[in-house]
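[1] here are the coordinates; sequence isn't available:
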């Protein structure tokens, strides 16, 4: 289903008038890859319910039922665990690769998040262990060690996700195996094959900021707005470059191999929030001032997870900011239509419009992989 068909299904099936409200599920888990159930369907439903997706596949792309079984056992084991900590471990990791994107991400997302966690979270949860991982060229060893030892951990990471290399992909199979893998240091990547059985954030939750970290869509949501910003001399890159890593005609969109492997890994996380397109800094900065942090958009989701609430609720905390900017854009549409009707000048400044659409689409690109009802195994106070 495309977006229009997804909206129709939501309105006529999910919100059918003859379904009593108490029988309409709030937590929806989609099973399958993006050619089974479209990314548009997931985006549309994510604003009506708490929605996640699970797909476990072999390198050929065929479903791996053992992965689904392992994931189900992992979630049940977490829910029934007798040994639970009072508060989670919180891991913060930025890959230092010298790029402007990760450097800016560390300054405007990671450092403000750490500050909030130390000053606001720890006084409420003294047992919480905050672990900022070394921001250096140490490679993956420190990350893998900390992630394997975390107890009911929540992790925020900022890295580059692999897109198409300069030589191109050798095959479609190579693209599906490698695109969205995380670049840690020169020559080092975290891939699905590397973490298929390695302990990594067992029973935890991961917020992964990286291009294609969750999925590669059939088309990018950003090119049209980059074209507008380029005309307004507010973007110096080539807008058409966003198409380089998007599937070509006849090829299908796909979920990244890394989160698939980790969710099927019995010693992996319960849920992963990642990006289903190119990831930008727009998601955590002021849209018209790239040096003004809006890290609270991300910390709002992380706090939901760290408090032991469910993964779908955490994504919805982020989507509240999407709905805010969407409302702003609808106000622009109203103002433009009124100006057109009454023969008045267009009141909407193009550069501001382009930046806010980039913000809107960047936030919308984050999706949840895993059960939206999953939560950390934490000691809970009886109601």
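    The structure has been received and is ready for your questions. If you're wondering where the values come from, they're calculated on a predicted model, not measured in any experiment. Residues are numbered from 1 along each chain as shown.

[2] Okay, strands next: where are they in the stretch 101-250 of the chain?
    All strands of the stretch 101-250 of the chain, identified by DSSP state E, counting those that start in this stretch, fall at 129-132, 154-158, 160-161, 182-185, 188-190, 205-209, 215-216.

[3] how about the nearest residue to residue 276 once chain neighbours are set aside, what does it touch?
    Of all residues not flanking residue 276 in the chain, residue 215 sits nearest, at 4.0 Å (Cβ to Cβ, 6 or more residues apart in numbering). Glycine gets a C-beta too; all of them are placed from N, C-alpha and C. Going by Cβ atoms under 8 Å, 6 or more residues apart in numbering, residue 215 touches 34, 39, 180, 253-256, 274-277, 367.

[4] which among the residues you listed gets closest to residue 10?
    Of all the contacts of residue 215, residue 10 sits closest to residue 39, with 14.8 Å by Cβ to Cβ.

[5] The closest one and residue 357: what is the separation?
    From residue 39 over to residue 357 the distance is 18 Å, taken as Cβ to Cβ, to the nearest Å.

[6] what's the answer for residue 234, then?
    Here residue 234 is placed at a distance of 12 Å from residue 357 (Cβ to Cβ).

[7] ok, the two, which is more surrounded?
    Comparing residue 234 with residue 357 by other Cβ atoms under 10 Å, the one with more neighbours is residue 357, at 23 against 15.

[8] any idea which element the more buried one lies in?
    Assigned by DSSP states H and E, residue 357 belongs to helix 350-364.

[9] Now do that helix: everything it contacts.
    For helix 350-364, using Cβ under 8 Å, 6+ apart, the contacting residues are 43, 221-222, 225-226, 228-229, 231-232, 234-235, 277, 279-280, 282-283, 287-288, 297, 318-319, 321-322, 325-326, 328-329, 332.

[10] Recalculate using a threshold of 7 Å.
    Here helix 350-364 makes contact (Cβ atoms under 7 Å, 6 or more residues apart in numbering) with 43, 221-222, 225, 228-229, 232, 234, 279-280, 282-283, 287-288, 318, 321-322, 325-326, 328-329, 332.

[11] Could you pick out the buried ones from those residues?
    Among the contacts of helix 350-364, those classed as buried by neighbour count (16 or more other Cβ atoms under 10 Å) are 43, 221-222, 225, 228-229, 279-280, 282-283, 287, 318, 321-322, 325-326, 332.

[12] Could you save the strands of the stretch 101-250 of the chain as CSV and add columns showing mean pLDDT?
    Output for the strands of the stretch 101-250 of the chain, formatted as CSV (pLDDT from 0 to 100):
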stretch, mean pLDDT
strand 129-132, 94
strand 154-158, 97
strand 160-161, 96
strand 182-185, 89
strand 188-190, 91
strand 205-209, 98
strand 215-216, 98
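
[13] Columns distance to residue 262 on top of those strands, output as TSV?
    What follows is the strands of the stretch 101-250 of the chain, written out as TSV (distance: least, Cβ to Cβ, whole Å):
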stretch	distance to residue 262
strand 129-132	19
strand 154-158	11
strand 160-161	14
strand 182-185	11
strand 188-190	9
strand 205-209	8
strand 215-216	14
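
[14] how many neighbours does residue 258 have?
    Per other Cβ under 10 Å, the neighbour tally for residue 258 reads 32.

[15] who touches the host helix or strand of it?
    Using DSSP H and E, residue 258 sits in helix 257-264. With Cβ under 7 Å, 6+ apart as the contact definition, helix 257-264 has outside contacts at 54-57, 64, 67, 70-71, 176-177, 180-182, 190-192, 195-196, 200, 214, 268-269, 272, 274, 369-370.

[16] between the lengthiest helix in the chain and helix 350-364, how many degrees?
    With secondary structure taken from DSSP state H, the chain has its longest helix at helix 311-341. For helix 311-341 against helix 350-364, the angle by axes from the mean of the first three to the mean of the last three Cα atoms, to 10 degrees is 160 degrees.

[17] right, and the helix or strand after the helix holding residue 357?
    Next helix or strand after helix 350-364 toward the C-terminus (DSSP H and E): strand 366-370.

[18] That following strand: how far from the chain's middle?
    Chain-centre distance of strand 366-370: 6 Å, with Cα atoms, centre = their mean, to the nearest Å.

[19] Who are the packing partners of that strand?
    strand 50-54, helix 257-264, strand 271-275, helix 311-341 (3 or more Cβ pairs under 7 Å, 6 or more residues apart in numbering; DSSP states H and E).

[20] How about residues contacting whichever helix or strand comes after the first one?
    Beyond strand 50-54 in the direction of the C-terminus, DSSP H and E gives the next helix or strand as helix 65-79. Among residues not part of helix 65-79, those counted as contacts by Cβ under 7 Å, 6+ apart are 54, 56, 203, 263-264, 266, 270, 371, 374, 377.

[21] what's the answer for stretch 293-308, then?
    88, 90, 108-109, 112-113, 116, 121, 154, 156, 205, 207, 273, 283-286, 311, 313-315, 317-318, 321, 375-376, 378, 380.

[22] partner residues bridging the residue nearest to the spatial centre of the chain?
    Centroid check for the chain by Cα atoms, centre = their mean gives residue 274 as the closest residue, at 2.2 Å. Residue 274 has these beta-bridge partners by DSSP bridges: residue 367.

[23] for it, what are its contacts?
    So residue 274 contacts 208, 210, 213-214, 259, 366-367, 369 (Cβ under 7 Å, 6+ apart).

[24] where's it relative to residue 88, distance?
    Residue 274 is 19 Å from residue 88, where distance means Cβ to Cβ.

[25] now do residue 156
    Residue 156 is 12 Å from residue 88, by Cβ to Cβ.

[26] For the helices and strands packed on strand 366-370, please prepare a markdown table with the additional fields distance to residue 352 and mean pLDDT.
    Shown next, in a markdown table, are the helices and strands packed on strand 366-370 (distance: least, Cβ to Cβ, whole Å; pLDDT from 0 to 100):
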| stretch | distance to residue 352 | mean pLDDT |
| --- | --- | --- |
| strand 50-54 | 31 | 98 |
| helix 257-264 | 34 | 97 |
| strand 271-275 | 24 | 98 |
| helix 311-341 | 9 | 97 |
